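Q: Have a look at this fold, sequence not included:
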DNA sequence: CCCTGATGTTACCGAATTGTTACCTTGATG
DNA sequence: CATCAAGGTAACAATTCGGTAACATCAGGG
C-alpha cells in the first residue's frame, strides 16, 4: 500500500504543503529543493512516482525527466508547472512525463491523479466479486467457492452476473428475462425458476433456505451478497 | 505500432473532429455515439485506449468506466468533460479513469496525453513465455516443447500469441476472430475450432483433455498456462 | 502446370444445456 | 380451513454447440 513519492520543488512553502499532504495519505515522501538533488534521489532511491516542478534552479525539470528515462527508469512522472502553453505541455509529455499539471492546481485533484498512476503500476490480483464464500471472476469467467472452482453453464453465469451487477435490488421477472435471455427470445416464465434453481444449488449454503438469491413473491428475485 | 482507440462522444461534430485527428496520426479509430454502444465496443473489440465523454445518452461515462474495469480490462481511459469541479475529477479518477481532461481542450495536448499513455502500455518486455513443457519465443517466432522445436503455421502462431497475451481471460469467439483473423475477414466460426484443434494437438499433453486451451461453452476459450 | 501445405468449409456426431411439461409445496386470503 | 396462485423441482425432450474428419480452395515454389 505504502508507496514512495519524490517531490522536486524549489519553493519551500509549496514543497512543505505537498509533502504534508502526501505524508498524511500514508505515502513515504522524499523531497528535493533543486534539480540536481532531485535527479540524485530519483536514481538512488527509485521512488514509485515523481512530482516534478519544471522551473528549477541548476537543472530544469525537462532535463531531469529525460535523464531519468535514459537510465531506463519507468516510474510515472507528473510535471507541475506555471507554464501552460500547449507547446510546453506537449514537450513535457513527449520527453517521457506522464501527466502535466498547471499551477495553480488543486491538491485533491493532484492526489487523485497520483493515486491513479500508482494504482496502475500496482499488480492486480484479478478483480472479483466476493459474496459469502464465493468469488466471481468476470474476466476469467469463473466462479470459485471456498477456493474450488464451480462449473456454471452460460445461462447460469449470465444470470449471476446480472444479479451481481444489480445486487440489493428487487428484479422483476420481465427485467431478468430481458437482460439475461434477451428481449427477442420467448420462453416460459418457468425457465427463470429453473435457472435460478440450478444456480442456487451451486452457490447457496442451503438451497432450501436461500440467502443470496431471495424470492420476492409476485415480483421476481433479489440478490443479497451480505456485507 | 498502430494502436486502436475507441472514442465515445455524443456530439457528432466533436466526434468527427476527434476521429479525423487520431486517424490522421495513424491510429485505428472506433467510435460510439452513445454509452451503450461504447460499452459494447469496449468489451468486444478491446481497444488500446478509450476517450470517454461523461455526459452521454443512455449510459453515462462513469458507468462505462466502472463496467469496463469490473471486467478486468486495463486499457487507459481518458475522460473528456465540461465538468471541471474538483469532486467530479476525483470521482472519475477513483472509478478507474487515468486522465480527466476538461472541455474545451486543446487537440494537440489531447493527442500528446493519449500518446503518453500508449507509450507506457506498449512496453512489452516479454520476449518469451513458458507454460508447461513449452516455451514460446515471441521474438524468434518459434515454439519449443521439451527442447524440440514444434512447427506452427502462421495462424496457429498468431492464435497462440493472442492466447498468451490474454492468458487467464475468457476470450469470446468474436474477440478471437477480431484479433487473429482481423475484423474485415469473414470466416465461419468453425475456423476457430479448427485452428484450436490443431494447436491443441501440438501443445496439449492430451488433446482429448485440454489443460491449456480450455473451452468455455457458449463463450469461447480461455488459455491457462498454470504456474 | 503440378505439387504441397495451409486454411477454410461442410457434414456428422455426441454431449451438454436449456426449455417445457407436469406435479408438488408454500403462503396468502377470505 | 379451503382455495388459489405462485414458485420449486424432477423428468424428459429438443436444440444448440463444439470436436473432428473429410474435402475444397488457395497461394507459393519448383
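A: The structure has been received and is ready for your questions. As the structure is a computational prediction, the values presented were derived from the model and not from experiment.

Q: Now for residue A:88, how many residues are close by?
A: By other Cβ atoms under 10 Å in any protein chain shown, 18 other residues sit near residue A:88. To be clear about C-beta, it is placed using only N, CA and C from the backbone, and glycine gets the same treatment.

Q: Please list all residues in contact with it.
A: A:54, A:81, A:100 (Cβ atoms under 8 Å, 6 or more residues apart in numbering or on different chains).

Q: now the strands for chain A?
A: Assigned by DSSP state E, chain A shows strands spanning A:4-8, A:28-32, A:49-53, A:77-81, A:99-102, A:129-131, A:134-137, A:142-145, A:148-150, A:170-172, A:213-216, A:220-223.

Q: Would you mind getting the angle between the third one and strand A:28-32?
A: Strand A:49-53 and strand A:28-32 are oriented at 30 degrees to each other (axes from the mean of the first three to the mean of the last three Cα atoms, to 10 degrees).

Q: Point out the residues in chain A that sit beside chain B.
A: By Cβ under 8 Å from any Cβ of the partner chain, the residues of chain A that approach chain B are A:74, A:86, A:89-90, A:93-94, A:97-100, A:106, A:108-109, A:112-113, A:115-117, A:119-120, A:124, A:126-127, A:137-142, A:153-154.

Q: What's the PyMOL line that selects buried ones from those?
A: Buried subset of the residues of chain A next to chain B, written as a PyMOL selection, criterion 16 or more other Cβ atoms under 10 Å in any protein chain shown:
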select buried, chain A and resi 89+90+93+97+98+99+100+109+112+113+115+116+117+120+127+137+138+139+140+141+142
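
Q: quick one: which of the residues of chain A next to chain B sit in helices?
A: Secondary-structure check on these using DSSP state H: residues within helices are A:86, A:89-90, A:93-94, A:108-109, A:112-113, A:115-117, A:119-120, A:154.

Q: Sketch out the low-pLDDT regions of chain A for me.
A: A:1, A:123-126, A:227 (pLDDT under 70).

Q: Which residues of it lie near DNA strand D?
A: With Cβ under 7 Å from any atom of the strand as the criterion, chain A meets DNA strand D at residues A:173, A:189-190, A:193-194, A:196-197, A:200, A:207-208, A:215, A:217-220.

Q: and the residues you listed, which are buried?
A: Looks like these have A:196, A:200, A:220 buried, using 16+ other Cβ under 10 Å.

Q: correct me, but the first one touches residue A:223?
A: When you say that, I think you mean residue A:196. No: using Cβ atoms under 8 Å, residue A:196 is not in contact with residue A:223, being 10.3 Å away.

Q: before we move on, back to that, against DNA strand C, which of the buried ones among the residues of chain A next to DNA strand D make the cut? List them.
A: Of those, not one also sits near DNA strand C (Cβ under 7 Å from any atom of the strand).

Q: In chain A, what residue lies closest to chain B?
A: residue A:139 (2.9 Å; Cβ to the nearest Cβ).

Q: What residue, apart from its backbone neighbours, is nearest that residue spatially?
A: residue B:72 (2.9 Å; Cβ to Cβ, 6 or more residues apart in numbering or on different chains).

Q: centroid residue for chain A?
A: residue A:119 (6.0 Å; Cα atoms, centre = their mean).

Q: separation between the residue nearest to that one when sequence neighbours are not counted and residue B:74?
A: Nearest non-adjacent residue to residue A:119, counting by Cβ to Cβ, 6+ apart: residue B:96, 8.0 Å away. Distance, residue B:96 to residue B:74, using Cβ to Cβ, to the nearest Å: 9 Å.

Q: distance of the residue of chain A positioned farthest from its centre from residue A:175?
A: Ranked by distance from the centre of chain A (Cα atoms, centre = their mean), the top residue is residue A:188, with 40.5 Å. As judged by Cβ to Cβ, residue A:188 and residue A:175 stand 17 Å apart.

Q: same question, residue A:117
A: Distance from residue A:117 to residue A:175, by Cβ to Cβ: 39 Å.

Q: Same question for residue A:160.
A: 15 Å.

Q: do residue A:16 as well
A: 55 Å.

Q: same thing with residue A:193?
A: 15 Å.

Q: distance between stretch A:84-95 and the chain's centre?
A: The chain centroid and the centroid of stretch A:84-95 are separated by 27 Å under Cα atoms, centre = their mean, to the nearest Å.

Q: whoops, I mixed them up, stretch A:136-156
A: On Cα atoms, centre = their mean, the centre of stretch A:136-156 falls 22 Å from that of its chain.

Q: Endpoint to endpoint, that stretch covers what distance?
A: 12 Å (Cα to Cα, to the nearest Å).

Q: ok, that stretch near DNA strand C or not?
A: Yes: counting by Cβ under 7 Å from any atom of the strand, contacts between stretch A:136-156 and DNA strand C involve A:151, A:153-156.

Q: Just give me the closest of those residues to residue B:32.
A: residue A:154 (25.9 Å; Cβ to Cβ).

Q: Now the closest one. Nearest residue, chain neighbours left out?
A: residue B:218 (3.5 Å).

Q: now that neighbour: how far from residue B:202?
A: 26 Å.

Q: got it, and residue A:199?
A: To residue B:202, residue A:199 is 37 Å away according to Cβ to Cβ.

Q: The two - which one has more neighbours?
A: residue A:199 (23 against 16).

Q: which residues touch the residue nearest to residue A:119?
A: A:119, B:65-66, B:68-69, B:77.

Q: Now for residue A:12: which residues touch it?
A: Counting by Cβ under 8 Å, 6+ apart, the residues that residue A:12 touches are residue A:33.

Q: Residue A:177 now?
A: Taking Cβ under 8 Å, 6+ apart, one finds A:183, A:187, A:189, A:192 in contact with residue A:177.

Q: The same query, at a cut-off of 10 Å, please.
A: If a contact means Cβ atoms under 10 Å, 6 or more residues apart in numbering or on different chains, then residue A:177 has A:183, A:185-187, A:189, A:191-192, A:220 as its contacts.

Q: With residue A:44 instead?
A: residue A:30.

Q: Can you give me the distance of it to DNA strand D?
A: Noted for residue A:44: a distance of 53 Å to DNA strand D, by Cβ to the nearest atom of the strand, to the nearest Å.
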